[in-house]
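Trainee: can you look at this prediction? I've put the sequence above it.
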Amino acid sequence: MSFANVVRRRLILLVFVVFGVSLVTFAISHMIPGDPARMMAGERASNEVVAHMRAVLGLDKPLAVQYLAYLRHLAQGDLGISILTQRPVLDDLVLFFPATIELAVAALLFAILLGVPLGVLSAIAKDRAVDQVTRTLSVTGISTPAFWLGLLLIYLFYGRLGIFPGSGRIDGPPPLHLTGFYTLDAALTGNWPALASALAHLFLPALTLGFVHLGIVTRQIRSAMLEVLQEDYVRTAKASGLSRAQIVLDHALRNALIPSVTMIGLAFGDLLYGAVLTETVFAWPGMGNYVVQSIAALDFPAIMGFTVVASTAYVLVNLAVDLTYMFLDPQIRAVG
Amino acid sequence: MSGAATDLALEVDGLIISYRRRGQTLRVVSDVSLEIRRGEAYGLVGESGCGKTTVAMAIMRYLPENAVVEAGRIVFAQSEDLLRASPAKLRALRGDRMAMVYQDPGSALNPSLTVGRQVAEVYEYHRGLSRRDAREAAQKMLRQVQISDPDRVVRRYPHELSGGQQQRIMFAMALATDPDLLVLDEPTTGLDATVEAEVLDLVAQLRAEFKTAILFISHNLGIVARLCERVGVLYAGRLIEEGPAQELFADPRHPYTLALLRCVPRLGMRKDSHRLDPIPGSLPPLGTAAINACVYAPRCPLARERCRAEPPPPYAVAAQRSTRCFFHEEVPAIAPSDRGAAQAVEANQPVLLEIEHLVKTYRSTGTAATVVADVSFAVRRGEVLGLVGESGSGKSSLAKCIVGLIEPTAGRIALDGATLSHAAAGRDPALRRELQMVFQNPDTALNPSHTVRHILGGAVRLLSGLREKAKVERRIAHLAASVRLRPQHLDLRPGALSGGLKQRVAIARAFAGAPRLVLCDEPTSALDVSVQAAILNLLAELQASQSVAYLFISHDLGVVRYLADRIAVMYLGEIVDIGPAASVFNPPHHPYTEALLSAMPAISEGERRARIKLHGTIPSPSNPPSGCRFHTRCPRYLGDICRDQVPPWQRDAAGHLYHCHIAPSDLARLQPAAGKQRTVEPRGAESKERS
């Protein structure tokens, strides 16, 4: 099956996923007790005011009607108005979502770029000192709570050494808005001071968020490599007299990456949702804060909007994973 | 030839190898010495666990980490002691001057690199060729190993190639640098008979072309006899006999070699005339073979005091022949332990199983693959019907349809005249009990966490309907005795049993009720020949004593010839040849049967047949050829009639039916019987037109 076919199939699937997710989220958020109209109007507001508010928000109509109206708007790209901020939810998401994605991607890159070499090193030096150190590091990574690590890093690098900023996304004005990712926007517009500042701000939160995944990636690559190194074709490569580097990098790593890609794709989902704590610690203006506040205020449109966008992102990431998979594994390419 | 000593490609001298396992040192190779001259093919034979692969791995210096070479030298090309060579030196030798081809090419090739890339890599690394030159060299090499359409194949990934093509790629990699020594470790095990014959033809031809010395490791005596000049027989890590292949097989001088040869069902041996002669006892567990005695003494009919007190030295029994047996002069006089053969089944029994127009089609998006295409046959009471064919012929699918593991698309299956519903769940439990199955691999067919008693007990309760504990126990004991399991085996788990014992448990389980028909799917193909002999004897006995019928699926024609009363040959979902065993094996028969028979590796010259070479691989069942399904590969292709018209059933005098346009009298003239060697080549240009 061709790449184009897979992409087409997944995009069709995406419609169903968004429909299902919106239905479930809608049902749950309307079933939990609480009245957003009352919350908006205030504790002491008269019943008339609350009823008016309810009518304005459309909450007086039957649930099915409300849901259909929501779907109709969704199909037109309208996610509704946030009850809390009184701004279109879409605008809020455009403002906050890139920050979270930027953080998650940076954390993932950190985990992959460091984790893959460490895992390979650990596997080829199995049970030797390098392996012991790496394994300790990976267990530490997996078992360290992000908020604790975050506070520690802030204390060290911001409080004590003062070499990295401890909060926010950037100092001074943000770069021209193109994608919403400050690092990318700054690089695209050639705004080097902004790029430096954005990268510096990104460093500690990404390290915090990525540390857990560094442990997971290292472990995964190590065990996949150990397995692959036992395969007959590695024996063939050795019997052909190839050098160790060729065997490890050309023959083994390529095959070890195949099972690891799935795991990394799933990790991205974790990163999106796991960003909340890290964002709180670093006062990172991302989705985390926005969602927590929306939930507290029963801000249905905002909660729905976030869920729909996040699940879309998740499906897209998994599509990317599958495409990578096809690229790496010729057998999948054939079967689809 | 004493002068040949200056011309050695490989010399192994006094090799001793042990494995360290849980603090113990287990000796697996004991004082093995052998020499291979330039251009010579040396066969190393032995059953699993005899240490033959360990020897090969030691030569390639690729032993597992827990292996220790305790003593010995491995001298390569009269210069380098491989056991003392530096890693850099080894890398330079491996893949350049010495190369290896393994069993199971499917896993020996890297699944995520194109095969062209893998062959080219050898040229880049050892010959320093540029990427482009290496690719061209690789293409040239693929042509030499007779891969059709090499320009296309270089861009393929291993999974896109057939097993035979994959093994050709392995040979291309191994021969890329024109090595001095080629180690072949069971290179055809797991391949279909016709593919195996092709690969062996290729080896023979490449030998002539490259003048490479070959160390050929195999458990198959027929293959070694065909390909090698000299043979060494390994038993429990010792080289117990050595000599020129033909002489050694014709006149063995070690009791083990003799016993091994007597285990193999040979031409003219049938269950009702000859009992196979399995070797009593079993191989000593790894590393426990006596060092200060003859390793074979516990199983040897000639064993005396002396054999248990000191290890026999090598005796020179003839020119270039040696054996490690004190009493080698008595070996030719060892009588076969003739305990009488199983009784023949009376002819003209009523029909037990009837299959009519059975069809199984697998459908997936857009394609439909018919793996069983309108098959009809019958099995009589107490009869063994052998079902043969290459992988992809549909024989396993057919068996699964019969037991109800998969549902056929159309057709009728009747047992004793009663039509069976297609799904096993819809069948009368009584009928289900009468149909049992024995699988190929006893390791995976038995639950490893249950004891043998538990496994058999479950089957007894389910299949014989016994409930009372004492009766169940009695039935278990009876079953165990009938398959010759000892009472102490009952409380062991499968993991503690050898392969042969496990298969006995699986057979006992199938006989727990009172089956009328047992489907045996390759029941001995995972077993060593000495164990296979015991299992075949057991199956023959059970058939005679319980008058049960077998549908016996196997790719080993020797085994089928021994056990089956009638034989059906399948090709691409159809039965192409069916009849009494003797008449299927003798001309006239279907050209496909002829090709299968010619691919059989035979130990002695007299059993060999003219080689019929098939070209190409078995076509896809989703797009079968028109007319006669075999016409694209048939060596006796007539012309348009084969391509356009479905052939009729032809019947010869012996009641033997085959599906072909050629009449029996004409075929009989074309097809020579066993023993007359003549090679029939596929026609080149003409045959290409057809595909």
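Mentor: Looks like it came in fine.
Trainee: distance between stretch B:49-65 and the chain's centre?
Mentor: Distance of stretch B:49-65 from the chain centroid (C-alpha atoms, centre = their mean, to the nearest Å) equals 22 Å.
Trainee: cool, stretch A:277-290 as well?
Mentor: Counting by C-alpha atoms, centre = their mean, stretch A:277-290 comes out at 13 Å from the chain centroid.
Trainee: pLDDT of that stretch, averaged?
Mentor: On average, the pLDDT along stretch A:277-290 is 85.
Trainee: from B:Phe552, how far off is the residue in the stretch 451-600 of chain B that chain A sits nearest to?
Mentor: Taking C-beta to the nearest C-beta as the measure, the point where the stretch 451-600 of chain B comes nearest chain A is B:Ala526, at 18.6 Å. Where C-beta positions appear, they are placed from N, C-alpha and C, glycine not excepted. For B:Ala526, the distance to B:Phe552 equals 15 Å [C-beta to C-beta, to the nearest Å].
Trainee: show me which of the two is the more surrounded one.
Mentor: B:Phe552 (27 against 18; other C-beta atoms under 10 Å in any protein chain shown).
Trainee: other SSEs contacting the host helix or strand of A:Thr183?
Mentor: According to DSSP states H and E, A:Thr183 maps onto helix A:182-189. If contacts are counted by 3 or more C-beta pairs under 8 Å, 6 or more residues apart in numbering or on different chains; DSSP states H and E, helix A:182-189 sits against helix A:89-124, helix A:192-229.
Trainee: send the alpha carbons of the next helix or strand after the shortest one over as CSV?
Mentor: The reference is to helix A:89-124. Next along the chain after helix A:89-124, taking DSSP H and E as the criterion, comes helix A:129-143. Output of helix A:129-143 as CSV, limited to C-alpha atoms (Å, rounded to 0.1, in the frame of the first residue of the first chain):
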residue,chain,number,x,y,z
ALA,A,129,30.4,0.3,33.4
VAL,A,130,28.8,2.4,30.6
ASP,A,131,25.7,0.1,30.6
GLN,A,132,25.4,0.3,34.4
VAL,A,133,25.6,4.1,34.4
THR,A,134,23.1,4.3,31.6
ARG,A,135,20.7,1.9,33.2
THR,A,136,20.9,3.8,36.5
LEU,A,137,20.2,7.0,34.7
SER,A,138,17.2,5.6,32.9
VAL,A,139,15.6,4.2,36.1
THR,A,140,16.2,7.5,37.8
GLY,A,141,14.6,9.3,34.8
ILE,A,142,11.5,7.1,34.9
SER,A,143,11.1,7.4,38.6
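Trainee: run the contact check for helix A:129-143 versus chain B.
Mentor: No: counting by C-beta under 8 Å from any C-beta of the partner chain, no contacts exist between helix A:129-143 and chain B, the nearest distance being 15.0 Å.
Trainee: contacts for that helix?
Mentor: A:118-119, A:121-123, A:125, A:211-216, A:218-219, A:222 (C-beta atoms under 8 Å, 6 or more residues apart in numbering or on different chains).
Trainee: of these - the most surrounded one?
Mentor: Using other C-beta under 10 Å as the neighbour test, the contacts of helix A:129-143 are led by A:Thr218, with 28 neighbours.
Trainee: now do the contacts for A:Thr25.
Mentor: Here A:Thr25 is in contact with A:303-304, A:307-308 (C-beta under 8 Å, 6+ apart).
Trainee: and B:Cys294, what helix or strand is that in?
Mentor: Going by DSSP H and E, B:Cys294 is not in any helix or strand.
Trainee: now do it against B:Arg636, distance only.
Mentor: 52 Å.
Trainee: of all the helices and strands packed on helix A:182-189, which one is nearest A:Gln76?
Mentor: helix A:89-124 (10.8 Å; C-beta to C-beta).
Trainee: now do the closest one: which elements does it pack against?
Mentor: Applying 3+ C-beta pairs under 8 Å, 6+ apart, one finds that helix A:89-124 makes contact with helix A:129-143, helix A:182-189, helix A:192-229, helix A:254-281, helix A:287-296, helix A:300-328.
Trainee: for that helix, buried residues please.
Mentor: A:89-90, A:92-93, A:95-108, A:110-112, A:114-116, A:118-124 (16 or more other C-beta atoms under 10 Å in any protein chain shown).
Trainee: out of the helices and strands packed on helix A:182-189, flag the one nearest A:Arg54.
Mentor: helix A:89-124 (19.1 Å).
Trainee: next one: that closest one to chain centre, how far?
Mentor: Relative to the chain's own centre, helix A:89-124 is displaced by 7 Å; criterion: C-alpha atoms, centre = their mean.
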